[in-house]
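Peer 1: any chance you can model this:
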Amino acid sequence: DGSRDRTALLLQQLQASDRRVRVVQFSRNFGHQIAVTAGVEHARGDAVVLIDADLQDPPEVIGEMVARWQEGYDVAYGVRTDRPGESAFKLATAKAFYRGINRLSETAIPLDTGDFRLMDRKVVDALAALRLPATGWRELYDSLDGADQEELGALPVPLADGRLVRGPRGLLLPGPGVDPATLVPLGLRLVDPAAVHPLLERLGAMPATPHTVLHDPAVRAAVVASYDVAVGGPEAVDEGGDGVADAVLSLVAAAGVQPGDAPWLADLALPADDGEPYPAGELLLPGGPLAEVVSEDAPFGVVAGELVRRWGPAVLEAAGVLGSFSLLREEDIPLDPEAADHDLDGEAEWMADVLAGLPPAEVPPVLTELVAVRDLELVDVRRWPRALAELARPELRAAVTEPALVLLPSGERAQVTSYTAWWLRHHRVLAGQRPGELRLPDSDPLLAGLYDDAALDADRGWLAALGCRDTLVGLLAEPGGPRDLVARLADPARPIGRNQLRGLLRTLARIDPERIDPPDRVRAVMGGDIIVVDAGDVVVVDAPDLLPVVADRPVLPAPPEDAAALADLLALPLASEVVAGAVTESGEERAVPGAVAQVLPGATATYRHHKRLRVDGVEVAWRYVDGVVHATDAGTAGLARGLAWAAGAWERRHIVETVLREPGRFAALDDEAWFDG
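Peer 2: Alright, predicted model coming up:
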């Protein structure tokens, strides 16, 4: 009874030496009568003797009680002949108590009797079966309402399932929307509604709403075990899986749960239309959007029609039945492909792609929240138009359109492509093509021809979120973007223009070579045509005066600031590396006309004039080498180009040519220069 002396220790020592001894130890003192009733309930013998531990009753009388019991008496009790040490007040109140009880009771209690007695097993069992009606308990609680609460910690409380438990703390007090009779299969500690009293709440019982009951650990445990119960598996502990399902569904309905509010409900076992039990998360709602798009061999059942008629689609979806695609939500996920364990198709590959676009780090970055659409891989390829329309609904759209947020080890944050958007971009979901193989019709002109046009039967933002190409910059920012672009440039079935190729090459020159594999075939220029040829035949021309020298082979012209980087990216040689480019004749030194300096600041004052100029056996109009401009007299174009190239102003070659040809036009050209910006 919560004694602070060595009683419990001594009893335990006795128990260790005699297996017939049982010790019931309270955590604290719950009161004399609670100790008595607890002992009676736990005793196993053919007869039970009650005696106070303070020896106020003589233990030697127990032998006489046993003898009377052996004679056939069911109860043998002691009558006190003397009450030494008790005050006159205690004696008077004790007599008053017994007389008062006898006047109220139909059965008289002998005077001067206490707990000291022997009871036969059938009497003990009768006492154990004796229960007040729930209303009687409520009346009892009403009479105890003003008592010291510490003395009421082990107060008996009747439960709705017929059990009588001790102590109100942690019990559930059913309120509106909570039907205890329906919830019996869940094993909840629900107080009998007729016994509910404010005293119980003050002693630690909790008001029970449909929401609080649904989230009680006992309910969750029942949901987790429901499938094993339904199939009679090794973990089944009871029958009545249907009762658990009905109880949980009633709570879902009463609590107004919405799909996704309680993901663990997907473990609830429910009957399918073939009579077999399935976890709710593996059942389709008949006629629902998901049922209309998944393939015939998808590992789903269809929920029983009777269940749909009884509870309705909304309640079943809230309980995890799949009306539409389900969403996975989880916070603080390390981006570690080896630890990907969310049963998402391609999850590890997605993580690897995301990591490829982030700064290297010893510690994996953390995805602050994973929001992913499940079961995309189960969609029938013929039904993707309907599936995409479903994914575009507001409830699911954000999983596609909103980027995921990653916390880097440095403390910075980065936005990355969500799992769902990544998956859709890598699968043939748009007219049999991957979204990344298509471009928006009004997208970057540099992508024209390289990507097919997407049909605008959906809004532009949705197509962009799916991964249809929009800008060259956006394409190259993706982990596999540069590799994809280089591969498409090597496809002769995708024609592009000269200016387009020029713009693509200038942008590619700024890409890290680590992001692509050098291609076997390259799109190049030869004889004015754009062709696709073996990479081994191509050179990157890093100076315009070398174009005639390599005119017999395909080339990639590039300005000097891009040429070396482009050659490194594509693993191609520079023209200046494969041709000597030497001028074998010194020529005649001549002065550059003074008018040139007016339109070409920094122009050299002299150049070397040649009647004929040959470089590596090829006749050319000009050459700039070792800081000297060489040009022929075959017109002014060669000299103009040599002077402009030497001055680092290649874009002014045409105006220089005009000034050389018509010096008198300088003033007019100078006036026009005001509008050059």
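
Peer 1: worst-scoring helix or strand of this protein, pLDDT-wise?
Peer 2: None of the helices or strands of the chain scores lower by mean pLDDT, DSSP states H and E than helix 88-104, at a mean of 61.

Peer 1: now the element after it, going C-ward?
Peer 2: strand 113-120 (DSSP states H and E).

Peer 1: partners of that following strand, with directions?
Peer 2: strand 47-50 (antiparallel), strand 75-79 (antiparallel) (DSSP bridges).

Peer 1: measure Ser576 to Pro544 for me?
Peer 2: 12 Å (Cβ to Cβ, to the nearest Å). Heads up, the C-betas are built off the backbone N, CA and C, glycines and all.

Peer 1: next up, the contacts around Met351.
Peer 2: Going by Cβ atoms under 8 Å, 6 or more residues apart in numbering, Met351 touches 335-337, 340.

Peer 1: go with 10 Å
Peer 2: 333-340, 364-365, 367, 416, 419, 422 (Cβ atoms under 10 Å, 6 or more residues apart in numbering).

Peer 1: name the nearest of these relative to Phe300.
Peer 2: Nearest to Phe300, judged by Cβ to Cβ, of these is Tyr419 at 21.1 Å.

Peer 1: could you find the closest non-adjacent residue to the closest one?
Peer 2: Leaving aside its sequence neighbours, Tyr419 sits nearest to Ala372 (Cβ to Cβ, 6 or more residues apart in numbering; 4.3 Å).

Peer 1: what packs against the one helix or strand Ala38 maps to?
Peer 2: Element membership for Ala38, per DSSP H and E: helix 32-42. Counting by 3 or more Cβ pairs under 10 Å, 6 or more residues apart in numbering; DSSP states H and E, the packing neighbours recorded for helix 32-42 are strand 47-50, strand 113-120, helix 121-129, strand 164-166.

Peer 1: in what helix or strand does Glu577 lie?
Peer 2: Per DSSP H and E: helix 575-578 holds Glu577.

Peer 1: now the helices for the stretch 351-500 of the chain?
Peer 2: In the stretch 351-500 of the chain, the segments counted as helices under DSSP state H, counting those that start in this stretch are 384-391, 394-401, 419-425, 460-466, 472-477, 481-489, 498-508.

Peer 1: which one of these lies closest to Trp622?
Peer 2: The nearest among these, by Cβ to Cβ, is helix 498-508 at 22.0 Å.

Peer 1: buried ones in that closest one?
Peer 2: The neighbour-count check on helix 498-508 (16 or more other Cβ atoms under 10 Å) flags 500-508 as buried.

Peer 1: same thing with stretch 40-56?
Peer 2: Neighbour count says stretch 40-56 has 40, 43, 47-51 buried, by 16+ other Cβ under 10 Å.

Peer 1: now, which of those residues sits nearest Phe675?
Peer 2: For the buried residues of stretch 40-56, the nearest to Phe675 is Val40 (110.4 Å; Cβ to Cβ).

Peer 1: my guess is that closest one contacts Ala47, does it?
Peer 2: No - here Val40 lies out of contact with Ala47, judged by Cβ atoms under 10 Å, at a distance of 11.6 Å.

Peer 1: pLDDT weak spots in the protein?
Peer 2: The chain contains residues with pLDDT under 70 at 1-2, 27-31, 33, 83-106, 128-131, 233-242, 456, 634-635, 673, 676-677.

Peer 1: quick one, domains of it?
Peer 2: 31-129, 134-208, 217-318, 335-485, 486-578, 588-676 (automatic domain parsing).

Peer 1: redo these as CSV? Include distance to Thr7.
Peer 2: Formatted as CSV, these follow (distance: least, Cβ to Cβ, whole Å):
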stretch, distance to Thr7
domain 31-129, 7
domain 134-208, 18
domain 217-318, 35
domain 335-485, 53
domain 486-578, 78
domain 588-676, 103
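
Peer 1: wait, which of those domains is closest to Leu328?
Peer 2: The minimum distance between Leu328 and these falls on domain 335-485, with 4.6 Å, by Cβ to Cβ.

Peer 1: quick one: end-to-end distance for that closest one.
Peer 2: Terminal residues of domain 335-485 lie 27 Å apart, using Cα to Cα, to the nearest Å.

Peer 1: and that domain, how far out from the chain middle?
Peer 2: Distance, stretch centre to chain centre, for domain 335-485: 16 Å (Cα atoms, centre = their mean, to the nearest Å).

Peer 1: could you check how far Gly648 is from Leu501?
Peer 2: Gly648 is 24 Å from Leu501, by Cβ to Cβ.

Peer 1: okay, buried residues for stretch 620-640 please.
Peer 2: Neighbour count says stretch 620-640 has 620-624, 628-632, 634, 636-640 buried, by 16+ other Cβ under 10 Å.

Peer 1: just stretch 344-355 next, same as before
Peer 2: 344, 346-347, 350-355.

Peer 1: shouldn't Val629 be in contact with Leu600?
Peer 2: No - under the criterion of Cβ under 10 Å, Val629 is not in contact with Leu600, lying 11.7 Å apart.

Peer 1: intersection of neighbour lists for those two?
Peer 2: 592, 643-644, 646-647.

Peer 1: ranking these by neighbours, who comes first?
Peer 2: Neighbour tally across these (other Cβ atoms under 10 Å): the maximum, 28 neighbours, falls on Leu643.

Peer 1: which SS state does it fall under?
Peer 2: helix (DSSP: H, G, I helix; E, B strand; the rest coil).

Peer 1: tell me the contacts of the closest residue in space to it that isn't next to it in sequence?
Peer 2: Spatially, and ignoring its direct neighbours in sequence, Leu643 is nearest to Ala603 (5.2 Å; Cβ to Cβ, 6+ apart). The neighbours of Ala603, taking Cβ under 10 Å, 6+ apart as the test, are 592-594, 596-597, 629, 643-644, 646-647, 649, 652, 656.
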